[in-house]
Each structure stands twice: as structure tokens, then as C-alpha cells.
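J.: I'll drop the sequence and a predicted model, then ask my questions.
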2 protein chains.
Amino acid sequence: MNAEIIAVGTELLLGQIANTNGAYLAQKLAEIGVNVYYQTVVGDNPERLESVLKVAESRSDLVLTIGGLGPTEDDLTKQIVAQHLGEPLVTDAAAKAKIDDYAATSGRNSTPNNAKQALKIKHAISLTNHNGFAVGDLYLNQNGTSYVLLPGPPAECLKMIDSELIPQLKKQGQQSRVFTSRVMRFIGIGESQLVTDLSDLIGHQTNPTIAPYAKMTEVTLRITASAKDEQRAEEMIQDVVNQILAKDGQYFYGYGDDNSLANVVVQQLITRKLSVTAAESLTAGEFQSTIGSVPGVSAVFPGGFVTYANEAKHQLLSIPSAVIDSQGVVSKATAIWMAKQARQKMQTDIAVSFTGVAGPDELEGQSAGTVWIGIAYRDDEPEAYLYHFTNGRQQVRARSVMAGLDLIRQKLAAN
Amino acid sequence: MNAEIIAVGTELLLGQIANTNGAYLAQKLAEIGVNVYYQTVVGDNPERLESVLKVAESRSDLVLTIGGLGPTEDDLTKQIVAQHLGEPLVTDAAAKAKIDDYAATSGRNSTPNNAKQALKIKHAISLTNHNGFAVGDLYLNQNGTSYVLLPGPPAECLKMIDSELIPQLKKQGQQSRVFTSRVMRFIGIGESQLVTDLSDLIGHQTNPTIAPYAKMTEVTLRITASAKDEQRAEEMIQDVVNQILAKDGQYFYGYGDDNSLANVVVQQLITRKLSVTAAESLTAGEFQSTIGSVPGVSAVFPGGFVTYANEAKHQLLSIPSAVIDSQGVVSKATAIWMAKQARQKMQTDIAVSFTGVAGPDELEGQSAGTVWIGIAYRDDEPEAYLYHFTNGRQQVRARSVMAGLDLIRQKLAAN
């Protein structure tokens, strides 16, 4: 079945708030196999809402509105939809009792516009509002378009979706199949290269689907399967995951929407009881701050150095001035010295170092984006690698941090 | 003129990401007097995108698409819009050169799907992508509907809106009256307090309007005036600004959408030739990384210390173990020692220090969010202040950084 979401509210339309309710609703519908093909945002304007309803009805089996159920004069969704359906509005007794009850216990007067929130479309199933007063509607139409009306405040809307709407839709058998998805995260490979590597797989897949997404410093793939049950869907996903890993496994670092490379690396360090420090020049503390964002990092991270100026490299890390003078501060030699000295001074298992040109100006004749990253791992000979990043100071720094984390990830994989 | 935004992308439609680009674009258009009446989200599907374009064209003078300009097979927006307009796609030479240049310097192969990103609609004005490769389009149609095509990744989209689209639309005279706005930025006061202080002013204002906006660590007010010309609008804004400063001037730190407290503080330090360092425990380098984001900071920031563990505070800052043992690590005494020693070791004019409980767990019996921030200013007696922040580890750290910057701002104002 084809569904469409219409969010109503001028503050949404003008960008004062983002349409997070719509995103959540679409996700929950996808999980029960209801496909959302369109989402529309329209202001609190009766004519334009009516015109959007007409367009939606012409192309969708299920139209879900969010917002405009409240007590103010702006709130017109229920009135417009009822009029569009040729149904009257009637009072939902339970919702009315809740409003009166609140008025009585709080000692406030129940204003007429409060009572408006207890109205429902005749012949609709009421959706109880557990976090507010405005009642929702599920208006089923076997031969035409069905309608769902949800409140706008996120606390009310999300709760109504979870506790009322999804169970009702399941009960009504609106969902045909189970949908499940898994996110794979990659570092060190660009979106276009990944897609090129996997073009056969992506081109031929319809179930599961493989959707690539490029973030600032990494790429993710979302693999979504639909099947008759959860177990079968998971098996289908695992099969595709295995094929992807066979091609580009060396760039894969973890699963999950909320995961991060910092999280994966820090968890591995904690598990393996390996401590880490850093000496940062162009990143100015961003690497340490990034690992510092992971709860529990204190078990493996004692602290480290921000050595922005050359004198600080000399003073805090005891790097001989002759090294910087002869090799340059943005050099393999300086990166290696920084990593080696940081590790030695903090007595950690691992140290990474960052020296480069954040930009916008060049430095020592080297262009913005030129970065050396060093790594000292236990008693191994320290190494350093050259990178060229683009797209401005903040991206150069953020990509440097990710590359440093990736060096640790690779080192752990090899040891 | 009536505008409509169409965001293209299955991941948006399915709710995997929220349509923050659309919200931002609507805001920016409103500021130049372009009214957005509809926003639509559609998946990466040629037929449905085409049908949405037809609906949009029937009701809007300006249609702006976001997304689908990337290198993958999913990315079809430019192809569909060009076909809809009956225009061919041609290569934008500058965009192509940038892609080839990147391939050459990074040593990666330039894949054919990368070259696709350099295509533009014939007769369109190219919108340069400062943070990526996919070029945007502004296709003007005096007698019908004009089109704008923007990329989907937020870093690329927002930058293109600010640096390319809005200036072009202004130049094309798409706005009838002059709309001008100015953003005032505040630190150390909450949104509700600011709004309460200014309630008379906000309640009575219709032109200019005053729109408060609460960000994670600060509050902004956007003052927007419409007038017959720029100069008159600026005068109207200045009048409101003066009234606001009279009430809450002590919390005001600067103007501008892209401004930040870090930027304001670093510029002041550069102007006054005052150097700064930091010793960070719970923030783990985030303060230094934040000032490190400001170009030119190297003139006043030699580097500093990340002392996460107690031993690091002892080892790197020579803080007597007895201080931490007797007073606790999250204490006024430790914060003062950290600031004093950091300043002395780096020989700077100013040092700030951060010690506290990032969470989620408590530390030494002190709850998550308890933070001491110290400041040593020249030969003044070092001071430290106690804060209680809420809302989780990342907010506790981010608010600590802002509070540290604010301490410097206040110190500079007083000296």
C-alpha cells in the first residue's frame, strides 16, 4: 500500500522547526511494510491544505496528517479533513472527560477551544493521546483513501504512533511483510569508489536494497530486506553483507546508525587494554576531544599534548629544534618524532600525531590540506603517512582525526 | 513570489535522516521575502519525482530541489529536471577541472560517475559547490517557473545556499521589498529568560520582527526588517538592537549567523596581542580544538595540555599529588592549580582549565555535570568557578567549553 505524510504547520514550512515527526512516522511505517512515497509540508492555510489533500488522495492509499489538532484558531486539520470526507465532527467522550477532569483538578476553566481537541471525525477510530488532549483519528476506507490524523507536538505524536497507530494498523492487517535494515559503516573509501566496486551488487539488488550515503568523513550503506518474517529478512541481509565484505571488507569498520569510528576504536582499545595518547598540531585537540566523547575512555586515555607552535613541540615533546628546522614542521620526520615522544612521555601503548596545514593559508610552501599523521605502536618502529585533504579548514581537521582513528584501527587489525 | 521546496532522497522519505536542509532553505528564503508555501519529500524514483515536479510547477513560481546531484545511479534529479525542461545537460568546465584535479592529487582514479557531478542544465547559472563536487543550478524562467537544484549533503547544501543561491536571487531581483536581518548572539542567559526580559519588545514588534532561537549552548535573536531600501531597514534594525542591548547587553557577544564565541574571543585576543593556553580534563581537548577552528589563532595559541588522568595532571602540569588527594580532582583548588601551572609552563597571558564530571557516571561522589573552570590572567590571582550542566556527556563538555570562552570574554571586557 502507498502512504503519504502531510505535515501541517507554518513554523515547519518556514524552517523554524525541522520535520522530525515525519521522519519518525516514515520509519515506523517502513518497519511494518507500509511504503511512504511522498511527504509534504504545508502551512496553516485551509485552501492550501485542501489542495494538498486532493493531490495526495489521487496517488496514495493512506494519507497521514501531522499537526493542526490543537486548541488555537490556527489548528484546522480535523475540520478540513472532515469537510473533505463529507463527515461531521463528533465529540469523543473519553477525550472530553479527560479535558474536563484536568480543568477540575487544576482549577482552571475549561475553555471552549480546549473542548475542540476532543472532536473526532465520525466513523473514525479514535487514537488516544497519552501525552496531551487532542485526540487522533484513523479513518478507514476499504475502497478509497484511508486517513490518519496525528497531533503535532513531538511528545504527543511519537507516543501516539507507537502506542496507538502502529498497533491499530497491524490489527487492521495494513502491513503485508516484515522490513528490516542494517547500516554498514566504511572509512578510507569514497562513496563513488564504493559504489563502483559494488555496482554489480547494487544494480541487481531489489530485495535487499543497498542504499549508499556519504557523510562528511565516511560512507554508509543501508541494507534493507523485506520478508515474511524477521529471521528470513536477517538471513537475506547477512548474505548481502558477506558479499560486500568480500569486496571492500578492509574499509568496513562497524554496524549501526549511531555508531562512530571513535566508538569502535575506543571499545577495541578498552577490550584489549591498550592505552593511547596523541600529539596534535593542526587538529589542536580535536582527536583527543573525539575519543574523549566516548564514555569509559578514561580507562585507556591518560591525556596528551596540543603542540600548535613549533616551540611547544620542542618544549612539551622535547623534539630537537634541528629536526623541525631541517625537515620542516609538516614532514614525515616531525610526525614520527611527535608520535614517538608522546608515547614515551605518557607511557602508553599507542600514540598518534598530527602535523599539517589546516589552511586557509599555506605553510612552509605546502598547500592547505597537506597532513602527516604518525603512529607509534608499542616498540614497533614509528611510522607516518601523508594525506591530502580538501574543502576547507574544518574538513581538513575532521578528516585528519578520522584518518588517525583509522590508522589505529588498521594497526589493531594487524596485531 | 511563491516558492516550493522538493527534497529528493529515499533516506529522507523513509525517515533515516531529517530534512534539515529544507528547513534552513525556507528560513533563508523568508529572509529575502520569498514565501515558501509547500515542501515535498520524494524518493529516488524518476516517475514520482517527475509527477511532483508537475504538481509544483502548477502552483509555484520558483521550485527548489535538494539532493540527487551525487555520483551514484540513484542520483537523478538533474537528469529528470533537464528532461522536464527540455534542456540538455552540459559539462561545467570549472567543476570538471576540480574533480580531475582532486583525482590527480589524491592518486585516486576519477571514475565516470564522478564526472557526472560536473554536469549542469544548459542555460542555467552554475552554483559553485565549495564543499564538494556536485555543481548546483539556477535556471531562470521569466514567464514560467524557475528552478534551483541544490546538493543533498548538508555541508554542501547550506554553504551553496549562503554563498551562491541567496546572493544570486538577490542579484536577480527576485525579491520585491528589501528584507534585511541581523542575528544577535548571547551567552550565559537562557532563551526563556531572554524572552521574558524582552517580552514587551517582542510582543509589540511586527516590523522588525524579533525571532529567538535556542541553540545547544547559546541563544540568538534574529531581527528582520522590511523596508523600501537597505538603509532604512538597517536603521529600523539598529533601533531595536539598541533597545535589546539596553536590557541584556551584558550577555551579548556578537553579530552574525556564522559567528561564534570562539571566533569573537580569538579575534579580540589577536587584536590585543594576548596569548592563551588551556589545561583540559573532562573536555579532553575540545576547548583547544574549538579555538583551533578559528583561522589565524596560531598568533596567540602555542598549544596546551590534555590531562585526563590524575597522573597526567601531576606529570604534565606538576600539580602536587597532595592537592588532588586532599581537595579532590573536581575542586576549586585543582582548577586553579591547573590554570596557574598551564599559564606558567606555556608562558602565556591567559590560561583556562577544566575539571569536572562529563558523565554518565559520577566521580568522587560528585554528580555528572559538575564542572570547575579556572582562569589565570596575567599576574592576577587565578580564579575558578563552579557550574552544573545537564543533558548528557556531550552537552556537559560543549557547555563547559562555551563557559570557558565566556570567562575570557568577561575578563577582556573588564581589563
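T.: All right, it came through fine.

J.: what residues does A:S400 make contact with?
T.: A:282-283, A:286-287, A:354, A:356, A:371, A:373, A:387, A:389 (Cβ atoms under 8 Å, 6 or more residues apart in numbering or on different chains). The C-beta positions use only the backbone N, C-alpha and C, and glycine is treated the same way.

J.: residue ranges for the strands of the stretch 301-415 of chain A, please.
T.: For the stretch 301-415 of chain A, applying DSSP state E, counting those that start in this stretch gives strands covering A:303-307, A:350-356, A:370-377, A:383-388.

J.: the longest one vs chain B: in contact?
T.: If I follow you right, that is strand A:370-377. No: counting by Cβ under 8 Å from any Cβ of the partner chain, chain B has no neighbours in strand A:370-377; the shortest distance is 9.8 Å.

J.: which strands and helices sit next to that strand?
T.: If you count contacts as 3 or more Cβ pairs under 8 Å, 6 or more residues apart in numbering or on different chains; DSSP states H and E, strand A:370-377 packs onto helix A:332-346, strand A:350-356, strand A:383-388, helix A:393-414.

J.: for my notes, confirm A:Y253 occurs in a strand.
T.: Yes: A:Y253 sits within a strand when classified using DSSP: H, G, I helix; E, B strand; the rest coil.

J.: break chain A down into its structural domains.
T.: The domain map for chain A lists A:2-171, A:178-255, A:261-414, with the assignment taken from automatic domain parsing.

J.: pick out the residue nearest the middle of chain A.
T.: By Cα atoms, centre = their mean, chain A has its centre lying nearest to A:D257, at 5.9 Å.

J.: now the closest residue in space to that one that isn't next to it in sequence: how far from A:A211?
T.: Nearest non-adjacent residue to A:D257, counting by Cβ to Cβ, 6 or more residues apart in numbering or on different chains: A:V183, 5.1 Å away. Going from A:V183 to A:A211 by Cβ to Cβ, to the nearest Å gives 10 Å.

J.: then A:A95?
T.: Distance from A:A95 to A:A211, by Cβ to Cβ: 40 Å.

J.: related to what we said a few turns ago, list phi and psi for the residue nearest to the centre of chain A.
T.: Main-chain dihedrals, A:D257, degrees, to the nearest 10: phi -60, psi -40.

J.: my guess is it contacts A:R182. True?
T.: No: the criterion here is Cβ atoms under 8 Å, and A:D257 misses it with A:R182 at 9.5 Å.

J.: low-confidence ranges in the stretch 51-200 of chain A?
T.: Applying pLDDT under 70 to the stretch 51-200 of chain A flags residues A:106-111, A:173-177.

J.: all strands for it, in order.
T.: For the stretch 51-200 of chain A, applying DSSP E, counting those that start in this stretch gives strands covering A:62-66, A:89-91, A:119-121, A:125-127, A:136-139, A:146-150, A:178-186.

J.: any chance of the ones you listed in CSV, with distance to A:Q410 and mean neighbour count too?
T.: CSV is the format used below for the strands of the stretch 51-200 of chain A (distance: least, Cβ to Cβ, whole Å; neighbours: other Cβ atoms under 10 Å in any protein chain shown):
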stretch, distance to A:Q410, mean neighbour count
strand A:62-66, 46, 27
strand A:89-91, 64, 15
strand A:119-121, 60, 23
strand A:125-127, 51, 19
strand A:136-139, 51, 24
strand A:146-150, 47, 26
strand A:178-186, 13, 21
